[in-house]
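Enquirer: okay, predicted coordinates and the sequence, questions at the end:
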Amino acid sequence: MLRAPRGTNDILPPESHKWAYIEALLRRLSKIYNFEEIRTPMFEHTELFARAVGEATDIVRKEMYTFKDKGGRDLTLRPEGTAPVARAFLERGLAGGPLPRKLFYLGSMFRYEKPQAGRYREFVQYGVEILGSPSAYSDAEVILLGVRIAEELGLTGTTLYINTIGCPECRKAYREDFLKHVSDRAGELCQDCRERLEVNPLRILDCKNQGCREAVADVPLMQDHLCDDCRRHWAALQEILTSLGIEYAVDPTLVRGLDYYTKTVFELKWPPLGAQDTVIAGGRYDGLVEELGGKPCPGVGFAAGVERLILAAEKGERPLMPEVSIDCFVLFPDSEDRRIPEAGFKLLVDLRRAGISGDFDALGRSVKAQMKHADRLNARYVAILGEEEVRQGLVTIRSMEHGWQKQVPTGQVVDFLKEEVSGGSS
RNA sequence: GUGAAUGUAGUUCAGUUGGUUAGAACGCCAGAUUGUGGCUCUGGAGGUCGUGGGUUCGAGUCCCAUCAUUCACCCCA
């Protein structure tokens, strides 16, 4: 049998209803925080990610779906959303508009990774970006939105980790200091970390290997090497969070995997998810726009994995239980007398025109079977048109919830149901 | 990319030391006197036992490969 490619998912009912619910929630919160939607292409020139995300990162080195199109262009299915947003921001002249610009995106990302619960090759990210604001309040605003999403999904026990990784200037100085301490103990490092020593030494900090942890245990901290600007920003962010009573943990080993981050980085974790427990993660990227060829323009944002949000919500306090129902099922026998099915189908058409959701049995089944079907579709009402009804110009309306039945003149059925459905009387 | 576990009807699972027509529950379809759902009862449909090789008189059961899922590492959302 032909199967869907590895790491992809078919989202069918009732899961698709959960997706619709979460997407609506994310859009609603975006509106409250005044983020507007941006939609960028699913693929970009490979160079965009190579430059923005960084040649040394795992994403660029081994996780991209890269291909050449028939015109020989070197393209890549987007592995993340920030670089494309920054590109569009520049290319479409948003940099010249009112600042800061607050945008959100919601769509598929692609990474060639080994799939696991909460990790897929095609996955959906919701993300927000604030471009043009250097303020720590913007960092806070983005973090607050992330925390709010978790709250609204009923996730209790999330932990917010924050850290600062400085700017290129102070990081350069820190890096030398860091290297001095670590290189004498290079022998204790794992294979990966020896490579990191060359390409991206700070990542040794978040290696889980015992030897590596010991090797960097007494290493100087970034926090103590910040330049004035970065130190002020870092202090300001913590003051804001504290003043709002937001609980957070400073994690000096928090170093994100994408090169464009500067100053603030943060992650929101929810442990019950297992190994892939980061639900939302982001940070500041003050150098990205410039890196892409624009004038310097600060930015902050985060990305959330929608699959993980759903997975978490399911395990959380308030599992997603979408109620799927239709207003009215129109029941009519497949009679020799064509007037009966014609009247039934016409009623269905009229109901739908009036905005009442409805369905019928297309398989010509028995009345009993149709009732059963109506029940499974979770119909609130059933409109019955049998020989009797059609002859008398009536329709029998049955409330599936209460069990009562009423005979209503055909011409009044639409109005009657409109009233009922809008929750008028019982 | 590394290590490990799993893979039997739509779904969740049973299938004894390899041995005749592969089972259950739920779901689905159809019935249980008069056109009417949810409960109950009866019957029915539905499985190339992930796929491809191999061992054997004989394999769902053993071996190899492959694909997929899950867990840990890695990485991250």
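Expert: Perfect, I can see it now. Numbering: from 1, shown residues only, chains lettered A, B, ... in the order given.
Enquirer: contacting residues for the residue of the stretch 201-350 of chain A found nearest RNA strand B?
Expert: Using C-beta to the nearest atom of the strand, the single residue of the stretch 201-350 of chain A nearest to RNA strand B is residue A:257, 1.4 Å away. (C-beta placed from N, C-alpha, C; glycine too.) Shown in contact with residue A:257 (C-beta atoms under 8 Å, 6 or more residues apart in numbering): A:57, A:58, A:59, A:203.
Enquirer: in terms of model confidence, name the weakest of those.
Expert: For these, the weakest pLDDT value sits at residue A:203, with 81.
Enquirer: my read: that residue touches residue A:254, true?
Expert: No: contact between residue A:203 and residue A:254 fails when scored by C-beta atoms under 8 Å: they sit 11.0 Å apart.
Enquirer: quick revisit: now the two most distant members of the contacts of residue A:257.
Expert: Based on C-beta to C-beta, the longest span within the contacts of residue A:257 runs between A:59 and A:203 and measures 12.9 Å.
Enquirer: now do stretch A:31-51: distance to the chain's middle.
Expert: 13 Å (C-alpha atoms, centre = their mean, to the nearest Å).
Enquirer: what does stretch A:357-365 give?
Expert: 36 Å.
Enquirer: cool, stretch A:100-111 as well?
Expert: For stretch A:100-111, the separation from the chain centroid amounts to 9 Å (computed by C-alpha atoms, centre = their mean).
Enquirer: quick one, helices of the stretch 301-426 of chain A?
Expert: Per DSSP state H, counting those that start in this stretch, the stretch 301-426 of chain A carries helices over the ranges A:306-315, A:339-353, A:367-376, A:387-392, A:413-421.
Enquirer: now, of those, which is deepest in the fold?
Expert: Of all the helices of the stretch 301-426 of chain A, helix A:306-315 has the most neighbours on average by mean count of other C-beta atoms under 10 Å, namely a mean of 20.
Enquirer: reformat the helices of the stretch 301-426 of chain A as JSON lines; add mean pLDDT and distance to RNA strand B.
Expert: JSON lines is the format used below for the helices of the stretch 301-426 of chain A (pLDDT from 0 to 100; distance: least, C-beta to the nearest atom of the strand, whole Å):
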{"stretch": "helix A:306-315", "mean pLDDT": "92", "distance to RNA strand B": "5"}
{"stretch": "helix A:339-353", "mean pLDDT": "96", "distance to RNA strand B": "9"}
{"stretch": "helix A:367-376", "mean pLDDT": "95", "distance to RNA strand B": "3"}
{"stretch": "helix A:387-392", "mean pLDDT": "92", "distance to RNA strand B": "4"}
{"stretch": "helix A:413-421", "mean pLDDT": "96", "distance to RNA strand B": "14"}
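Enquirer: of those, which is nearest residue A:272?
Expert: Comparing those by C-beta to C-beta, helix A:306-315 comes nearest, at 5.3 Å.
Enquirer: list the contacts of the closest one.
Expert: Contact partners of helix A:306-315, identified using C-beta under 8 Å, 6+ apart, comprise A:9, A:15, A:18-19, A:22-23, A:26, A:106, A:117-118, A:120, A:123-126, A:149-150, A:153-155, A:270, A:272-273, A:276, A:278-279, A:319-320.
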